[in-house]
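Engineer: Sequence and predicted structure below; questions after.
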Amino acid sequence: MYIEKKIEEKVTFLFERSQKNMGDALGITFEHIERDKLSASMPVNESTRQPYGLLHGGASVALAETLASVGALVNIDTERKTAVGLEINANHIRSVRDGKVIGTAKPLHRGAQTHVWEIKIRTEDDKLVCVSRCTMAIIDKR
């Protein structure tokens, strides 16, 4: 995994302290983390398929929001603030039956109170599967 040097400590802390979560259940693996671009892969298997054998749209949305959440966290002061999902949408473009998909997230807006992230999910051979936009609320820690 590539992690931008300036944020390596923050990312290490984030992943080391996290408990088992949906990302673990879905097999999401981060591959690249920078302030301006993140990517993660997810297998298309029994954990991520719907009953007809295709990648579940909800799994794609979970990958997208996971990327946006971590993207927001590496861009804020996590001593004082945290990021929570406010809104997400997704357009499912292509079905996938096996292999893995790779999501890439880039910020469209990084404000003091909200971030907007665009996430594109593609097959291993670079075919577009899903396009998502996720708005994260940046709130004070309690």
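Structural biologist: Sure, I can see it.

Engineer: Run through the residues that contact residue 73.
Structural biologist: Residues near residue 73 by C-beta atoms under 8 Å, 6 or more residues apart in numbering: 10, 14, 82, 83. All C-beta atoms are positioned from the backbone trio N, CA, C, and that covers glycine.

Engineer: ranking the residues you listed by neighbours, who comes first?
Structural biologist: The most crowded member of these is residue 83, carrying 21 neighbours; neighbours defined as other C-beta atoms under 10 Å.

Engineer: Torsion angles phi and psi at that one?
Structural biologist: Main-chain torsions, residue 83, degrees, to the nearest 10: phi -120, psi 140.

Engineer: just use 17 as the starting number from now, easier for me
Structural biologist: Let's use 17 as the start, then, which means that last one is residue 99.

Engineer: what's the closest non-adjacent residue to it?
Structural biologist: Spatial nearest neighbour of residue 99, chain neighbours left out: residue 88 (3.6 Å); criterion: C-beta to C-beta, 6 or more residues apart in numbering.

Engineer: so the residue located most distally from the centre of the chain, which of the three states?
Structural biologist: In the chain, counting by C-alpha atoms, centre = their mean, residue 68 sits farthest out from the average C-alpha position, at 24.6 Å. Secondary structure assignment for residue 68 (DSSP: H, G, I helix; E, B strand; the rest coil): coil.
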